[in-house]
Structures are given as C-alpha cells and as structure tokens.
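1. quick check, what structure comes out for this input:
(6 chains)
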Number of protein chains: 6
Amino acid sequence: MESLDVVTLGETMVLFGSSDHASLEYANTMQKQIGGAESNVAIGLARLGHSSGWISKLGDDPFGKYVHKFIRGEGVDTRGVTYTKQAPTGIFFKEKLSADHVNVYYYRHQSAASLMEPVDLPDSYISSAKILHITGITPALSESCQDAIFHAIHLAKEAGRTVVFDPNIRYKLWGNKEEAKQVLNQIAELADIILPGVDEAAFLTGETDYEKAAEALKTHKGQTVVVKLGEEGAYYTSAESSGIVPGIPVKNVVDPVGAGDGFAAGVISGVLDEVSLEEAVERGNAVGAFVVQMNGDVEGVPTRVQLQSFIDSGERLSDVER
Amino acid sequence: MESLDVVTLGETMVLFGSSDHASLEYANTMQKQIGGAESNVAIGLARLGHSSGWISKLGDDPFGKYVHKFIRGEGVDTRGVTYTKQAPTGIFFKEKLSADHVNVYYYRHQSAASLMEPVDLPDSYISSAKILHITGITPALSESCQDAIFHAIHLAKEAGRTVVFDPNIRYKLWGNKEEAKQVLNQIAELADIILPGVDEAAFLTGETDYEKAAEALKTHKGQTVVVKLGEEGAYYTSAESSGIVPGIPVKNVVDPVGAGDGFAAGVISGVLDEVSLEEAVERGNAVGAFVVQMNGDVEGVPTRVQLQSFIDSGERLSDVER
Amino acid sequence: MESLDVVTLGETMVLFGSSDHASLEYANTMQKQIGGAESNVAIGLARLGHSSGWISKLGDDPFGKYVHKFIRGEGVDTRGVTYTKQAPTGIFFKEKLSADHVNVYYYRHQSAASLMEPVDLPDSYISSAKILHITGITPALSESCQDAIFHAIHLAKEAGRTVVFDPNIRYKLWGNKEEAKQVLNQIAELADIILPGVDEAAFLTGETDYEKAAEALKTHKGQTVVVKLGEEGAYYTSAESSGIVPGIPVKNVVDPVGAGDGFAAGVISGVLDEVSLEEAVERGNAVGAFVVQMNGDVEGVPTRVQLQSFIDSGERLSDVER
Amino acid sequence: MESLDVVTLGETMVLFGSSDHASLEYANTMQKQIGGAESNVAIGLARLGHSSGWISKLGDDPFGKYVHKFIRGEGVDTRGVTYTKQAPTGIFFKEKLSADHVNVYYYRHQSAASLMEPVDLPDSYISSAKILHITGITPALSESCQDAIFHAIHLAKEAGRTVVFDPNIRYKLWGNKEEAKQVLNQIAELADIILPGVDEAAFLTGETDYEKAAEALKTHKGQTVVVKLGEEGAYYTSAESSGIVPGIPVKNVVDPVGAGDGFAAGVISGVLDEVSLEEAVERGNAVGAFVVQMNGDVEGVPTRVQLQSFIDSGERLSDVER
Amino acid sequence: MESLDVVTLGETMVLFGSSDHASLEYANTMQKQIGGAESNVAIGLARLGHSSGWISKLGDDPFGKYVHKFIRGEGVDTRGVTYTKQAPTGIFFKEKLSADHVNVYYYRHQSAASLMEPVDLPDSYISSAKILHITGITPALSESCQDAIFHAIHLAKEAGRTVVFDPNIRYKLWGNKEEAKQVLNQIAELADIILPGVDEAAFLTGETDYEKAAEALKTHKGQTVVVKLGEEGAYYTSAESSGIVPGIPVKNVVDPVGAGDGFAAGVISGVLDEVSLEEAVERGNAVGAFVVQMNGDVEGVPTRVQLQSFIDSGERLSDVER
Amino acid sequence: MESLDVVTLGETMVLFGSSDHASLEYANTMQKQIGGAESNVAIGLARLGHSSGWISKLGDDPFGKYVHKFIRGEGVDTRGVTYTKQAPTGIFFKEKLSADHVNVYYYRHQSAASLMEPVDLPDSYISSAKILHITGITPALSESCQDAIFHAIHLAKEAGRTVVFDPNIRYKLWGNKEEAKQVLNQIAELADIILPGVDEAAFLTGETDYEKAAEALKTHKGQTVVVKLGEEGAYYTSAESSGIVPGIPVKNVVDPVGAGDGFAAGVISGVLDEVSLEEAVERGNAVGAFVVQMNGDVEGVPTRVQLQSFIDSGERLSDVER
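-> Below you'll find the predicted structure:
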C-alpha cells in the first residue's frame, strides 16, 4: 500500500434531517446525508490536496455502502474500512427547532463502528502515514474502540509519526464524566498536537483560563496545544512560540456544524506543508470560516486554490467560479 | 377506567420507506409511517366499531410521540402506554427492490418497547377487557417482554377473559428456533383462540397437514384454532365445528402486508359480536381482502358499514364513497 | 361520560400551504395541515396536562377524518364530534408572499361546521365541564352556529361553569360590522373571562384606551377582562386586581400565528390550577412566546414541565431535550 | 375580434391529486393541475391546429389566474374569460384508491363559474365562430349557467352556426334526475351534433339499444348523433349515412380520463376539415386512443402531424420524437 | 395581424434551480422555471395592461413548448415565435450558495435562439408596434442574432417607432470586451431610449461619473438616457429635462434578479401612457421594488391597480388581496 | 501507478429524469443521476471484485465533480480523469412517456468529454492494464475523441493487452451512417473481443444471419465475437469454440437500460478469471438479468457472491440480504 499523509479513524453515521417540518414528530419526509467528525477531516484534507485515509467498521447493509461510497467519492482512501454482519451502520436524526435549538437522536448504540477493535486496524497503513488524527468520540463508543484508539496511537508513535488529537467531548456517549476526563487526558498525554475547544480545555484541566489550561495540557516538551476560542479565533502554544490568531468575521453563519473539523483539517494541512504554527492556525480559521457559510458539514470546505485566494485577499474566488 | 372490548400489547415502530429510489443505498428521501402488528389489530377493531386498547412502552422522543398520537388518532385507547428515557423508540427501514424482494432493516435492538416488563402493565385495564390479543413478536423482543406477555395472559385468564394468540413468528428476532418453538407453544396452550399461518402451524407442531396441525395445537377442550391458508382461505376447528372458509379473490393485490392483522381483527370482531365461528372467519377473510387492496398496513381496513356491504354483495361501497 | 376540565367548540379546517413557490398561482405542490383556533386551544390545554374536549361537525370525507384523527391524536377528547354527508369539511389555502404579506383563501362557505346547530351539542358533556371556551369565529359561520354558541353558553351558565370568550374577530366572515359588534358584545356580557386583543377591545367598546375598553367590557361584577397588548404583554382586570404583565421578549419570531390561542390556553390553564390572575396571564404570555418560536399553530405549545422551567428560568429546557 | 373555428364555455377547476398516499386522509402532499371538460376540448382543438376559444368566469384569486394562464398558454383564445370577486375559483380533489376506485371531492358549490349568466357572454364572439361546443355539465352548475347555455345556443343558431353537444351527465351536480333528463333533451333538440356515451343515450331516451337511442335523439332532420361505445368504438348516424367505426386497441391504458373530450375534439376537427362523418369519428377514436396512453387529461392530445401519422400507420411517431 | 404596444426579441431559457441543497454538486432535485430578460419585460408590460409581443426561436422539444406556453399563458403575444429542429432550447442551472454568491451554468451555446436570423423576423409585426425593446444580450448570442437585432432596429426606425435599449452586458457571452463595447455603442446610437446600469454606462463611455456618461451616450438629439443607480434610484436626462428619481426603500429584498427588467417595463409603460419622463422613471422604480420582494423574475410584477395604489400610497394593496 | 485489470474511456453525463409528470413539458421536478455506458462497465467490474479504471474529461463545474465522485465512490479508479474549463460536463434529460416510448434530449454537443484527445490519455495507465474496454460511442463524439480511441487501442496492442469492443451504435451522434460503419469496422478489426447486438452485427457486416455476421466480423485469427440476441441469449464464436448461451428468463423487467453494459462487465469478468468463453458469456447473461430487475443503470449490478449464488441456484440471495 502507498503511504498517506494523514490517517484518521472513527464512526460516520447516516444522518437524516427533516425537509418539511422543523419538529421530527410532525415531519413527513427525511433527507439522507452523512455525519462524522473524522470523515469530515479526511474529506477536508483531500479537498486541500493531501492524501488522507479513513478507517472504520460499517454494517453490511445499504447504509454502510452509502457511507463508504460517499467518503470514497470525496477522494478519501477507504482501504482501511471493514464490514460486519454483526451490527448495523449507525444512524442519527437531526431536529432543528430554531437557529439555536437543535436536537439529535442517535441510533448508534452497538453500531457496527462500536465493534471496531485493535485487530481491525491495518497496522502498516497507520504506521506509514505522516499524521494520525483521532478524536475523543471514538474511545467513548465502546471499550474495544478505546483499545483500538490506544493501539493506533501506539502504532503511530512507534513509527515516529505525529498524533493530532481533537477531544470532541460528547458527554452523552460517556456514561461517566470522570471516566471521560481520565481517558481523554491519557490520550492527550500521548498526542503531539491537541486541539480542544475552550470549554473542553477547561473540563480536561480544571483551568478556566485558556492559557493556563493550554499549559496544563502540555505534559511534556514538544507538545503543541491550540485552543479554539470561537469567534475570537484560536490560541496556540508550543515549545517555540505562542499567541492568538484572531477569528475571521463571517457575515452569514449558515450552519456552524463542521467548523471544528474544518479547523482541524486546516491546521493539519499547515503542518503537512511545514508552515509556521501561526500560519497553520490561520489556515484552520480560514477553513472553518468557509465551512460555516454553507449548509452541510463538508460542502463548504474549500479547495487549495480557493483557500489560498481567501487567505491572501479575504475574499471568496467568485470570479473563478461564476 | 372504562373497560374495553379488546386489549393488545406490543411494539410499534416508526417505519421509513424510500420515495425516490428502490434501493436504500441510492435513495435520498424517506417517508415516515408506522408499523406494528398489534396496533394494526387495535386500529382495525376501532374502525370496525369496537373499543380497543393498545399497551406499549415508547421512547420519550419525537418518534414515540408520533407513534402514540397516530394510534390514538385512529380511535384506539392508549392509556396503557408508558414512556421511558432509557431507550429510544424503535425504527425500521423498508427497501422494496421488486414486487417479491423486500428487505427490512431494524433499529429496534434494546428499543423502548423491549424494556416493557410485567410491572408496566395496567392490571385492571387488562383484566377488565373482554379479549386479550397477543402475538408471538412481543415475547421475542426481550426476557422482560416475555415475562410481560405471560403476566398479561395470567391476568386475563384469572378474570375469565378470552385470549387470542397470533404466533406471527419472526425467526430473526428469536436467537434460537427451539426457544421460539417452546415459548410459543407454551403461549398457545394458554390461549383460547390461536390464529397461525399454515407454515407457522407446521413449525409449532411438526405436522405439515394443516388439519392435523390444528388438532395438535388444541391441547385442551374449548380451544379454537384457525389456520390461515393464504389465497385458499382459512381452516377453523373448535369443539363445536370445523371447516374451510374459502378465500375472497382479489384482482389487484397492492400491498400484502397487514393482511394477517386484518384477518385477526375480523375474527375478533366476529367473536365480540357472538356470530358463529364460520362467520367470524368470513369476516377475517373479508377484512384481509380489503387491506391488501391499498398501500399501508391500516389504510385499507374497512368501516363496519363497508364491511357489511362487502360481505353481503361482494362489492365495495363505491356508490356511497364516490 | 367523564367530565372534562375544558370544552370548546368551533370549526377546524384542512390548511394547504405551498412548499415550492410563495405565490399560489405558481406553486405546484401543497402540504396538508390543520387550522382552527378552538382546536389549538384544546390541544394546548391537553399538552399542559388538562383534559379538554373539542366539539364540531365534520364532513363525512377524508378531510373530516384527517381533522378528527389529528385532534384526537393530540389527546383531545372528540366524543362531541359529529359528521354530516350534507356538506364537506372546510379547507383553506395560505399564501405567504413575504414575512408580512400573507393571504388566505377559504373554501368554508356552507362547510360541514357551518351546519352545526344547538341540537348537535352534547348537553351534559358541556354542562359537566369546568370551563366552556368559545370564540367569536363560530357565531360568524352561520345562524345555526350562532344559535349553537348561545345554547352552549346557556348550558354552561345553568350548570354554574366558567365561560371564557376570545372575540377573535374575523371581519371577512361577518357580512356586516354592526352585526359583529352587536353579537360579540352580547356574548361578552354572558362570559366570565374575556380575552380581546387591543384592537378588538376598541372595536367592541369604541374606547381606544385599553384600560377604559376593559372597564367597558366588564358589564357586571365578577367578570375578568384580559387585553392582549402584543409585545408589550397583557393588561388584566377583575373585581380583585388589575395590572400589566409585561411581554416575554422573543428573539426569533418564526410564525406569529397561534400566539393568541396559546395565550388563551395558558390563561385557562392558570384558572384551572387556581393560581392568581396575574400568574395565569404570565402563563398565557409564556405559552404564546413558545408558540411563535416554531412553525405551525400547535407545534410550539410546551408541555407542563417545559412551561414551568421556562417561567422559572426564562430558558427552554435544552438540557433535558438534547 | 377575429372569428374562431370553435368556441366552448364551461367551468375549469384546479385539480389537486395526492403524490404520496393513495388515500387523501393520509396524503401529506398534493399536486396542482387543472380539470375541465370544455377546456380539454378547446386545448385538443388548438393542438390539432384549429383556432378555439374558451369562455368562463373565474375567481379573482391565484387559482383563477392559474387556470386562465394554463389554458391561454396552450394556445386557446381566452378573451371571453371574465373574473368575479363574488366567488372563488372552483377546486376539486382526486383520490385514486385503486385502478377502478377513484373518488372525487368537489369544492365548486357557488364557485365563480356557477355565477356565469347570459350577460357575461361575448355575443359576437360566439355568433362568429363556426362551431359552438357545449356540454351537459354547465347547465347543471346553476340556473344562471343554464340560462347562459341556452343564450349561447340561441346566438349560434341565429348566426347559422353548428352546435355540438356532449351530454357529459354528472348526476351528482343535478339535484334531480328528471330535471337532468328534461333539460339535456331540450339542449339535444337544439344541437346539430350530439355525442352521448352509450349509457347517456339510454338515459336520455329510455332506449337501451344504441341504434334506437340514436334515432330517438334525432328529433329533426339534419341532426347527427355519434354514440360512444367504449372499446368497441362508436356508432354514428346522420341523414346521409350511419355505421360503426371500430375502436383502436390500446395496449396500456394509463389514464382513461379525458378520452371523451379527446373524442369530441377529434370529431369536431373532422367537421371543420369537412371530411366525411365516418372519417371524423375515426379521428375522434384516434385522439381518444392517444389521450388514454398518458397521464393527464390533455397531455396526450396529439398534434396534427402525430395524429395523421397514427391514422395512416397505426403507430406513434417515435422516429420523429426520439 | 393587430399591431401591439411593444415588441421585444431575445432568448428565454429553461432555468433549473435546486430545491434541496445549495450546491448543485450535492443537490438531488431540481425545479423547472423559465429565465429571460426580454420575456420578463414582455410579461411585465402585459401585467401592466399593455399589449406586448415576444419574438424568439425555440427548439422543437418539450422545453421549447414549455417556454412558449409559459410566456403565452402570461398574456404575451407569441405569434413571432418560430421553432427549429436544428438545435435545442437553451437551459441553465442556478446555484445559490449564499445570499451574495450565486453561480450560473449555461447550456445555451448553439441553442435554438442563437440560430435566430433576420429572415426569422416578422417584419410588419415589428414595424407596426409602437415600441421596439431590445437588450444587449441578443447580439452577444451569435452573429446571426446580431444581424437580427440590427434588422429589427432598422424596421422600427423605418416605421418611425421608438427603440428602447437595455445594454444588459454579459461579458461571459461576449468573447471580447472590445467587441461588446463597439457593438453595444452602435446599437445605443440607434436607440431612442437607453437604460444602462451605472457600471454599464461607465463601460460603454469610459466615464465613471454617471451624468457625464449619460451625456456621452446621447449621441444625437432626441435621445433619452436613464442610468440605474441601484438603491439610490435612477438618473434621467433628455432634451427636455434631467434629474434623479430616488429609489424606493425595500425592507426585505427577497430576490434581486429581475429588478432591471421590471424597471424597463415600468419606464416603457410610462412612455406608452405619455406621462413625463420623471413619472415614467418613478414607475420603473416602483415595478423594480415590487419584483425584488418576491422570488422569481416575474412573480412580483404588479398589476396596474396594484402599481397605482403603491405609487399613490407607498403601500401594497393588502386590504384588497387578503 | 498500480496496474489495473480493466481500463475504459468514454463520456458520462448527468442524467435528469422527471419525478412528477411523464412529459418533460409538464414536469416540474427533475432528479439528478448519472448515465454513461463505459462507467457502467467499470462500476459493474468493480462490484464483481475486479480493479477497473475510467478515463474521461469533465467540465470544471459542479456536475463534473458529481460525476467524478459518484464513479470514484463506486470503487472505480479515476486517476485518469481530467478537467477542462473550456466546456461544460454533458447532461441529458430522459422522458418516459410510456413503457416503450422513451425520449432522450442531449446537451452534450461540444461537451467537456468531446474535447478529449490523445494527449489527455495516461499512456502507461492504459498500457499496463490487462484489458482495454472501448465502445463505439466515444469515436462518435468528435474527431479528437476518435483519435483518442485509436491511440488507446494502439497503446494496448503495443503492450500485448486484450481489447474489448462494444459497438454501441448511436446513429444520432454519427452525422453519417457510412462514416459510422467505416470507423466502427476499423476498430473491430483491431479488437480482440467484439460484443455487438444482433442489429449492430448486421449493420456492420451487411449479414442479417448472426452466425454469418459474427464470422464476417472476425477479420483475423484469435478474435472472439459475441452477438447479443436479446431474450434468446447470446451467440459466441472464437477460434476454439462457438455456440449459443440461452437467455435467463426474467419475470419483471423493470428497466432494460444498462443490460448491455452489464453483459459486457460479466463477459470481461469471465475473461479476467480465465473461465471458458461459454462460461464468460453465461456470466454476461446473468449480470444483464440482474440489471434489468432494478431501476437505474448500475443499481442492479450484483456483487461476486450474489452472482455466483445466482448462477449456481438460479435464485437471488434473499436469505443473505433480508
């Protein structure tokens, strides 16, 4: 197998949203899409011109095939995908009652992805990739998923690769907040680059000040922490430098979902291109700004050309696209 | 509480079907409906003018409310419905690849209904109803559901009520065929009226001849067995009489699903009206014939007036409806 | 029959709205819903945990059955519903050209509901309910409907029940404004609680000052008047107390229709719970604020738990629902 | 005004059909179309290359404008259309439960078209057209419509024009069958060409034999009667000739509605072209055969070129169209 | 042929827009409409009560018939339309990624309309109309279209008619900006009334000051120039008068497309009614303000009664329409 | 680059079909899909477990990206795809008036794919693949496409690869039948395996007897010809063997489109697996039988497991799928 720039692993589900009523109780018609943080990052990286791979376990059913084909269609390598007849592909429903009142209903308990275990992982596929990207969602899915995450980290570290960790804390999936905190901190210790939101950093460290929280997350030299501050941008700190990259103001936030994944894709893209940490964070901000301007988690991710033009000029490439 | 003619208990799920592609893999849009054998019977009986009640446990979510309101809207008493925050309302997807190639994908494992247990049952509600209707689906959902079924039977028998049992065997839900056979036979022994399909009668008794199978199912005096023979009609046998009621030829079978539930509703209606067993079976055939002529499990169930006119004249009441 | 907390009577129609073009002239596809002030109140009360009944006459057609089942599904008692073959269920079309330019096209002239007459009313059903709710729409439908309203009021007053009157003036339905004024004032005199909008109070009394108008509406002791002041809230006055309850600011008014019905449901709920008049009006404001935040007349009506939490904290129960 | 080949008058309504459920009770979505016998004939004639005009009264509402624009778009002259604010445009709903079980629900009582009266008719517009086409639907709508029909006939006969009468008996619209019979026979006496179905001929004359019935309808010399015999074709009789034109076998009857109107358009087209009566009836059969092969009342009406090719070769012009 | 108030000629295409996703890449469903500047003007004029005709060449295909019937349905004379089997009707797709990011994808290269040539034009039809309206789009379609435009202008001028020219510059259609400038200036010289946008005036004349640009466009006496200034209104200048008519503030701009065509229709309507130039421009502003308040290019064009009421009172005629 | 089992090249277009009316003239809504013979074969081979690649040129527009992602999602290698800004991705519309009356409207003239030329082809990608698959559609698109086809054949032959040729004659695309015949025969001479339909074989050779036609197509030793005989199956002939493989009877032909492409995929799959020619043709028949049982060109293509089970047992694998 050719080696890839980035490999990620996690669950992607089929997402159903209503097209006629806000409330799922009264809605008659639902539209099929996909939803998954790690595949968002992989798709974002592919669109930015990097080679990315997504590892997961899917149900041997039409929804599993749909998820697989959608992600492969986006140019992501899916040789690390396995199928199981033991469990169905996870699905969820999204109910947008108003701009700031969104409910989500999961049917992912004991889903195919939750059966993922270390033995499912393609070892050399992971160890040969430059970067391993993981999120805090996967270890919350099941014990075997937790084992798989630690196994993947182990493979990457053994091979001297960079591990990027986005905590993405989903309290609902973790039975117990203490367990969440303990496991995620354990992963953070092993990661090279940590990308928490400001609330997540506080939860993991107990420090509400983001600078202090970032310091607390750096448990050993060589670690980089980037704390996402919402509209205010992001704070980064590493052995070499630290500072704030201000957020890019967006006139019309159409759909905030996927912004964090776009941010991760942008930062990782910068790391792969070996730009400075500050520039990588700028790139993260820029991709996030693109994503929130369109519906869908991945529809707004820019191509490399669009991104560069946006960073340079602050404007979308309308001349090119029209 | 007022006492009802019939009480039934079981799981009703939200059913999603595709409206644009046959294959769920390529379908973009899904339509929401409901699906559940026991609620079909309860709705059928309500439309035929009897008072019926449906007992179940639903998730405290929009889908639970939708199922509840749909069934209540049809005139079925739902005071026996409880909600749980522990599990979601079950859902399933239906994929109709061709007329005789339909796949079903369930998301009902550990659903709200599977958490039903004896303590959820409203004792006097059940014991005061003239008839208790149960199917072989419910005991296959979980151990607690199995306990609930036996508890319900116990309540009914204690109060001297009639127990109607439709085996409705779903091998997929039963881990083990032997267990299915044993449990369902145990229920059959306790039932007063048993409504197996011809294959089900053979599975339960080992007798492929339906007359012999029917005899074998009658484990004590006073039991009635009606074996559904598909297009050929139904064979009935009781202490008093036995015979065949020929099927009603239907030109256009639009949707065969729900025919068995319509049959059960018709037979029970006859029992409530104290007509002869033969006439009750005729009524079952007639309701089944109505149901298969329209899409949807319950859309085709006739009203009492429509049914009577159909039995009398063999024609649908088009003069009245046009 | 068990007696109910509240009984109301009126017309509910099938409502068709366009889903693809603003203008009905160019629209190709229409969505079916229901619309009716009195059933909105009945549904709102059911959701708030009270027992409510809705009386009406429907056409013996699919639309009549749809209206009936929708309202019954919502948990409203519909034993007082009758059907007629003499006239169809009323329907109307809604055309939303822009946020503040909505046209409505009625096909309700000589509808089934307009044939309602005193003899259709279930006397003891009305006289045994704690509260009778009526609106000014029903007497505008036909003379026999007007007779039915006065008959219902008579039944309630004879039995010592509380009559709540929401003028809901529809000039289009009244041929003649003078007649409207005279009939509605006659009803107001008989009512115990009157819930006019500020313009309606002015129309009925000729007083543009809402305090004066409220006084003018109180034609005998023991009457309560609550004047709805839009965003400013509501002014209430009774023999015991009077004052203003300020409106609850709503960031995003998604659909203002149904706010008045929600207000009525909230006030009646408070009366049933025997809270102070001020608190009842607060409850009315709160329900109205919920309703305008979602599309649909009844989709936004809160449950009791949601309402209490909102009144206590000023926030929607997102933690519970997410 | 230029004079036209044919003028017709009658009601065209907006037709709503369900696109997701057979039953209107459970259908969520409806599609807008138009439906009207006389406009079908006018459109058919326009497509066959004749100049045709349609006279009607529409509501001054979006549905009236839609009907007007649809018919004008098809190339029919609509200068004879008037609008009223007194009544809405008629609408109806179509429920296709199965191939042979279709229900129709009208909202046309006191519709705009029913207000049509003699004074609305553009006198010279009618008297200058070569042919006046009328149906038995219009006189059933209201007394003023009946007056309008007799006025139109009077204008045409005064000017020496040909009157074509299609009885199109709708018992539901006629309160009283006797009245229907009497009025329609009165019109038949005044008509030059009468186009009844076989059942209609029997109803009007009391003769079940179609030849005898046709003779009975010919109350004076110079009248032509064509009796439609369904799949068997049509029987024609005039002073000069009589005979049967056999029906054209159609493999797939997709939608039988509109066949009679297509037949009328074909016969009238032949009369305008002064072909023999037999050939005119052949043309009627051919147009009817086209219409039933496509959904919609008018979608299948052929152009002149398509029709000629079909009559010549018995085949649709697929080479041309593909 | 009767002579018309206005005749225009140009291409109208079928327009497809997505109804489920913003991005055409991910959209599954598209809605059919029409789009064309010249037909917008013709429809606008018809709605304002003038007689207008639209000349074009369409493909002999379903889309050509659709375009024809839509425009004829709106009351526009279409006797000048021809069909060709040589090329298809043009179509285009519209992608609205966000409020200010709209992409358009044309399939109009070598479309039927681009084959229009002088010989297709109905000479007396054009020369007998009071006004000839042309846009700068048509000469950009092909050389034969350019010839047709000059031929049409020639016919009108010969007959002493008024030529109204809206530059409507589409750089994408012109291979070469210099050619665009040269051809459009040549047309402007022949026109009596020129209606450029402020940017167009600058492009054509090289003058960024709109007053100077307007002067530069007036190459001979008797010419009128009206420069559209967006929200600020319009500047007009003729031999008799000049000045600014301020724009009409619109709260909710729903869809800005079609505003320029509405403006042209309003100005031409004023010219036909022989009001002052200032009043004609006011009318243009008013029609434009209507159009942008509704989706669709022509849906918002007012009727004469609505327009007059709006000009008089500044308010839409809601009382009349509700 | 890894070498593939099969490489094909050709145009795939976006296909729009109506979802509400048969006729495109009256249809309001269109559904987006893809259509292309060569990509059908590539997808079919991927589903059968072979590695396949598809070479084409797409427009740099949303439709190009959609086509690319759909095909890549299906597991086909798309490294040979190029984009151009010079021309749009081809599209077409499908109108299904009745079962046997389908019209197609192309917007592919001068599409992106028609700009394909030899220099666009990835030489080693083609020469390293075991099989090159081509159809007679591509050389009909443009001269440069014809050059590309001959260049591809040259590359394959140079490298000693097998060339499979499916004539797929589209007379509409070929200006001139003689040219078609000459070019296609020239390609046939270079091909190793030729897969004509019976009519195509006759057209190319002038022999109406399929055995003679097949012989005539074999211009040199080592060539294999398989003539598709519709329901009767296929006739094969090579240096080693010849015979007929009877067709597989299919009860419900849902959609015949794509059957020929499925046949080609099956035969090529057999060749890759080095089964006998007879078995390869059997496989072709089997895949074709699957395809026609589902809507869509590729939805019905079986997986290897499904295919084997079908060949072995004659039944679809319902046990596995249910």
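2. can we go C-alpha only for contacts and neighbour counts from here?
-> Will do.
3. and the contacts of stretch A:190-199?
-> Stretch A:190-199 is contacted by residues A:153, A:162-168, A:188, A:208, A:210, A:222-229, A:264 when judged by C-alpha atoms under 8 Å, 6 or more residues apart in numbering or on different chains.
4. please enumerate the helices of the stretch 101-250 of chain A.
-> Counting by DSSP state H, counting those that start in this stretch, one finds helices in the stretch 101-250 of chain A at the ranges A:123-127, A:138-141, A:143-158, A:177-190, A:198-205, A:210-217.
5. and the closest residue to chain D within chain A, how many neighbours?
-> Shortest chain A-to-chain D distance, computed as C-alpha to the nearest C-alpha: residue-wise this is A:Asn28, at 7.5 Å. When neighbours are counted by other C-alpha atoms under 10 Å in any protein chain shown, A:Asn28 registers 19.
6. which residues touch it?
-> Contacts of A:Asn28 (C-alpha under 8 Å, 6+ apart): A:Ser18, A:Asp20, A:His21, B:Gln31, B:Lys32, B:Gln33, D:Asn28.
7. 10 Å - rerun?
-> A:Ser18, A:Ser19, A:Asp20, A:His21, B:Phe16, B:Met30, B:Gln31, B:Lys32, B:Gln33, D:Ala27, D:Asn28, D:Thr29 (C-alpha atoms under 10 Å, 6 or more residues apart in numbering or on different chains).
8. just want the residue of chain A that's nearest chain F.
-> Closest point on chain A to chain F, by C-alpha to the nearest C-alpha, is A:Gly73, at 3.6 Å.
9. touching, that residue and F:His68? I think so.
-> Yes: A:Gly73 lies in contact with F:His68 (C-alpha atoms under 10 Å); the separation is 7.5 Å.
10. close to chain F: what parts of chain A are there?
-> Applying C-alpha under 10 Å from any C-alpha of the partner chain, we find that chain A lies next to chain F at A:1-2, A:60-61, A:65-76, A:78, A:85, A:321-322.
11. swap in 6 Å and give it another go.
-> A:Lys69, A:Phe70, A:Arg72, A:Gly73, A:Glu74 (C-alpha under 6 Å from any C-alpha of the partner chain).
12. with only the CA atoms kept, save the helix or strand encompassing the third one in PDB.
-> Secondary-structure element containing A:Arg72, defined by DSSP states H and E: helix A:62-73. What follows is helix A:62-73 as a C-alpha-only set of coordinates in PDB (Å, rounded to 0.1, in the frame of the first residue of the first chain):
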ATOM      1  CA  PRO A  62     -27.200  -0.300   2.300                       C
ATOM      2  CA  PHE A  63     -26.400   2.500   4.700                       C
ATOM      3  CA  GLY A  64     -22.900   1.100   5.200                       C
ATOM      4  CA  LYS A  65     -22.300   1.100   1.500                       C
ATOM      5  CA  TYR A  66     -23.700   4.600   1.200                       C
ATOM      6  CA  VAL A  67     -21.300   5.900   3.800                       C
ATOM      7  CA  HIS A  68     -18.400   4.100   2.300                       C
ATOM      8  CA  LYS A  69     -19.100   5.300  -1.300                       C
ATOM      9  CA  PHE A  70     -19.800   8.900  -0.200                       C
ATOM     10  CA  ILE A  71     -16.400   9.200   1.600                       C
ATOM     11  CA  ARG A  72     -14.500   7.300  -1.200                       C
ATOM     12  CA  GLY A  73     -16.200   9.500  -3.800                       C
END
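13. that'll do, ta.
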